[in-house]
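**Student:** Got a predicted model here, sequence first, then my questions.
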Amino acid sequence: MATEFHNLQELRHSASLANKVFIQRDYTDGTVCKFQTKFPSELESRIERTLFEDTVKMLNNYYAEAEKIGGQSYLEGCLACLTIYLIFLCIETRYEKVLKKISRYIQEQNEKVYAPRGLLITDPIERGMRVIEISVYEDRGSSGSSSGSSTTSSGR
Amino acid sequence: MHLGVEEPIRECQYNQICTHNSSPMDTPHTKKKKIKRKWQVFQGRNKFYCNGRIMMAKQTGVFYLTMVLILVTSGLFFAFDCPFLASNLTPAIPAIGGVLFIFVMGMLLRASFTDPGVLPRATPEEAADIERQIDTTNGPSGPGYRPPPRTREVLINGQTVKLKYCFTCKIFRPPRASHCSLCDNCVERFDHHCPWVGNCVGRRNYRFFYLFILSLSFLTIFIFAFVITHVILRSNRTGLLSALKDSPASVLEVVVCFFSVWSIVGLSGFHTYLISSNQTTNEDIKGSWSSKRGKGNYNPYSYGNFITNFCAALCGPLPPSLIDRRGFVQPDTPQPAAQTNGSGACPSNQVQSHMAATNPLLHSQTVILGGGAPLQAKTSLGGPCSTLGPSQPSLPSSIPGLSCGGELMALRDSEIHCHHHLHHQHFISPEETPSPPAALPCATHLGHHVHPAQLFDPASQDSLHEDSVRGLVKLSSV
């Protein structure tokens, strides 16, 4: 994790933050965590539509897996109830395990797909599961007017 | 020469003094600020303990009262009644009682200390992005034209649901979320704010709350039954009066249990109904999914049968806390947009929150309650504290939107207070609210609104309420 972070840090230092694109939640299936797969227009020139959609669909699948109500979650729930929920001091809930998988997946996507295109995905858990925040970076070398406006939010 | 030598020395000394002043001790301090944990900069009105591990509402007095009641009653039972029962009937009685007691306390603490599902506030960029989206959808509004409040419509399982914009948290609330005015947070799947438990009841702690009231009902009935048994057995031998003299604690226990059994059991029954139909207290009070609203009105979140609903609520996956209380504040992380006047959207929102914060203890006004069978209005017998009890579920809740949904009132006796602390709130009908904007903050601070019968049109109520409370109208049309 540290090494990837450093690579992405370098991205932040060598590039300036131009814009942030927010992918909102899709509530058509109720309160389950699901993000809209609509391709935002700001990313049209930056990344292929299919890559983006694949990432979002994969994330949606992970969240669906975490929130799935079935045999395993019932077992976990009953066992926890019998131990007055003290068992969670020792073991991780299934949701937490899936969240770890998600954060590994996002890191991997950032390294392989997004950072080379000057983009960075923020894990939705850091934004309260409300949005997938995609930071769009401009190369400082190529610069442009965007770097001026971005300094307020960048430099972080 | 002498001077020549001295000057450099003096300079050196001067330099040394300088370095002392700007001191190596100071500079690291100023450069390296103490890193804070996120709970220390949390913007809601919550209290944190154990370095962020425990999270409760600001007013916890009633919670301590709940604890004391349960501990004292159970303690008296184990100390005075159990020895007799164990020796004369069976030792299983104290054993079962003990297990029940531990379960009750465990669930109470879990419900009180857990993050109910607070939604963190939007970062400045998110808030700006949402504003931009709203402005582009709505376009400019002319003078004198008042745009309706910000809402988004979503189709969920065939039912149209309105998502409201929260001006405090600067987010569009997910479905079933509501903003609690006491805690000043948006909470996912908001049920109600329970002062007895000292916390909101929401997505993450609803099952603990339900198991708490369920097990407490069993415990209360258990204690009540066995204390009566104890007294009867004793009076068979020595007569009633001397039996009561021998075990005076029993009288107290019977009284406490008798008065609390009705409210607790009633509440458990009500929440059992809510769980089996997969509704929140908030939704039930507003009648969101009631068939009275319209022919095609149904609950889109229900799984269809009550068993699945039950299992999903109690044994479903437990989502993690979204607010990361114990994480460290990154110096480069954008902090959520300040609640205050930021976008100019809600100065009076803050007034209201302040009022709610500073005057939570005001209530001693009579309740105006509409129909609803379970409601029992009683007059206040004084008592200073604002015990808003969890009791009756059909209590009207606040208008969603600005203020929190569902603070329930103690309309009923509960363990301690049949006599003292019954508080009521003055419910203001929505028609009154918009008219006197100046009086509004005072009125709305009560936070708890509206007559149940008039809750069936929350959208317009919200808009009127929000507009008037805010004073300002920086609202875009949908």
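**Tutor:** That came in fine, so what should we check first?

**Student:** Quick check: residues of the stretch 301-450 of chain B near chain A?
**Tutor:** B:301, B:308, B:311-312, B:314-320, B:322-324, B:330-334 (C-beta under 8 Å from any C-beta of the partner chain). From N, CA and C alone the C-beta is placed, and that goes for glycine too.

**Student:** out of these, which are buried?
**Tutor:** B:301, B:311-312, B:314-320, B:322-324 (16 or more other C-beta atoms under 10 Å in any protein chain shown).

**Student:** what's stretch B:151-158 in contact with?
**Tutor:** Residues from elsewhere that reach stretch B:151-158 (C-beta atoms under 8 Å, 6 or more residues apart in numbering or on different chains): A:27-30, B:160-165, B:172, B:175, B:300-301, B:459, B:478.

**Student:** how far away is the residue nearest the centre of chain A from chain B?
**Tutor:** Centroid check for chain A by C-alpha atoms, centre = their mean gives A:D123 as the closest residue, at 3.0 Å. From A:D123 across to chain B, the span is 11 Å (C-beta to the nearest C-beta, to the nearest Å).

**Student:** Name the SS class of A:L17, please.
**Tutor:** Here A:L17 is recorded as strand under DSSP: H, G, I helix; E, B strand; the rest coil.

**Student:** where along the chain do the strands fall?
**Tutor:** By default, I'm working from chain A. A:15-24, A:119-122, A:131-139 (DSSP state E).

**Student:** nope, chain B
**Tutor:** B:46-49, B:54-57, B:118-119, B:151-156, B:159-166, B:171-172, B:178-180, B:185-187, B:192-194, B:199-201.

**Student:** What residues of the top helix by length along chain A count as buried?
**Tutor:** Determined from DSSP state H, the single longest helix within chain A is helix A:49-66. Going by neighbour count (16+ other C-beta under 10 Å), the buried part of helix A:49-66 is A:52, A:55-56, A:59-60, A:62-63, A:66.

**Student:** distance between it and the chain's centre?
**Tutor:** Put simply, helix A:49-66 sits 10 Å off its chain's centre (C-alpha atoms, centre = their mean, to the nearest Å).

**Student:** Please see if it touches chain B.
**Tutor:** Yes. Residues of helix A:49-66 are located near chain B by C-beta under 8 Å from any C-beta, namely A:A66.

**Student:** Can you find the helix or strand in the chain with the smallest mean pLDDT?
**Tutor:** In the absence of a named chain, chain A is used. helix A:146-150 (a mean of 41; mean pLDDT, DSSP states H and E).

**Student:** Chain B, not that one
**Tutor:** That would be, for chain B by mean pLDDT, DSSP H and E, helix B:440-445 at a mean of 38.

**Student:** B:C50: which of the strands of chain A is closest?
**Tutor:** Nearest of those to B:C50, taken as C-beta to C-beta: strand A:119-122 at 28.9 Å.

**Student:** count of residues packed around residue 105?
**Tutor:** Because you didn't say which chain, this covers chain A. 16 (other C-beta atoms under 10 Å in any protein chain shown).

**Student:** The chain in question should be chain B.
**Tutor:** 19.

**Student:** Return the residues in contact with the nearest residue to it once chain neighbours are set aside.
**Tutor:** The spatially closest residue to B:M105, leaving aside those adjacent along the chain, is B:I70, at 7.0 Å (C-beta to C-beta, 6 or more residues apart in numbering or on different chains). Contacts for B:I70 (C-beta under 8 Å, 6+ apart) come out as B:101, B:104-105, B:108, B:216, B:219, B:415.

**Student:** which of those residues has the most neighbours?
**Tutor:** B:L216 (26 neighbours).

**Student:** just to revisit the earlier point, spell out which two among the buried ones among the residues of the stretch 301-450 of chain B next to chain A are the most distant pair, please.
**Tutor:** Of all pairs in these, the most separated under C-beta to C-beta is B:C311 and B:D324 at 29.1 Å.

**Student:** can you pull the contacts of the closest residue to B:L119 other than its chain neighbours?
**Tutor:** Closest residue in space to B:L119, ignoring its immediate chain neighbours: B:C186 at 4.3 Å, by C-beta to C-beta, 6+ apart. Counting by C-beta under 8 Å, 6+ apart, B:C186 touches B:118-119, B:166, B:168-169, B:171, B:173, B:177-180.

**Student:** ok, now how distant is B:C186 from B:I323?
**Tutor:** The gap separating B:C186 from B:I323 is 11 Å, by C-beta to C-beta, to the nearest Å.

**Student:** Also A:D29?
**Tutor:** Counting by C-beta to C-beta - A:D29 and B:I323 are separated by 25 Å.

**Student:** per-residue confidence for B:H363?
**Tutor:** For B:H363, the model assigns a pLDDT of 40.

**Student:** Apologies, that question was intended for B:I17.
**Tutor:** Value for B:I17, per-residue pLDDT: 49.

**Student:** repeat for the one 4 residues further on
**Tutor:** The predicted structure scores B:N21 at 46 on the pLDDT scale.

**Student:** Could you report the separation of B:R207 from chain A?
**Tutor:** Applying C-beta to the nearest C-beta to B:R207 and chain A gives a distance of 8 Å.

**Student:** State the distance from that residue to B:P116.
**Tutor:** 11 Å.

**Student:** So for the two, which residue has more residues nearby?
**Tutor:** Higher neighbour count among B:R207 and B:P116: B:P116, with 30 against 24, using other C-beta under 10 Å.

**Student:** what about the nearest residue to B:Y165 once chain neighbours are set aside, neighbour count?
**Tutor:** Take B:Y165 and drop its neighbours on the chain: the residue closest to it by C-beta to C-beta, 6+ apart is B:R150, 3.6 Å away. When neighbours are counted by other C-beta under 10 Å, B:R150 registers 24.

**Student:** One more: B:I102?
**Tutor:** Neighbours of B:I102 (other C-beta under 10 Å): 13.

**Student:** Does it touch A:I84 like I think?
**Tutor:** Yes. Counting by C-beta atoms under 8 Å, A:I84 is a contact partner of B:I102 at 7.2 Å.

**Student:** Contact residues of chain A facing chain B?
**Tutor:** A:20, A:22, A:25, A:27-31, A:66-69, A:73-74, A:76-78, A:80-81, A:84-86, A:88, A:93-96, A:99, A:125-131, A:133, A:153, A:155-156.

**Student:** Pull out the buried members of those.
**Tutor:** Neighbour-count burial (16+ other C-beta under 10 Å) is assigned, among those, to A:20, A:22, A:25, A:27, A:30-31, A:66-67, A:69, A:73-74, A:76-77, A:80-81, A:84-85, A:93-95, A:99, A:125-131, A:133, A:153.

**Student:** any idea how far the residue of chain A most remote from its centre is from B:V251?
**Tutor:** Distance from the C-alpha centroid of chain A, by C-alpha atoms, centre = their mean, peaks at A:L82 (34.6 Å). Counting by C-beta to C-beta, the gap from A:L82 to B:V251 is 36 Å.
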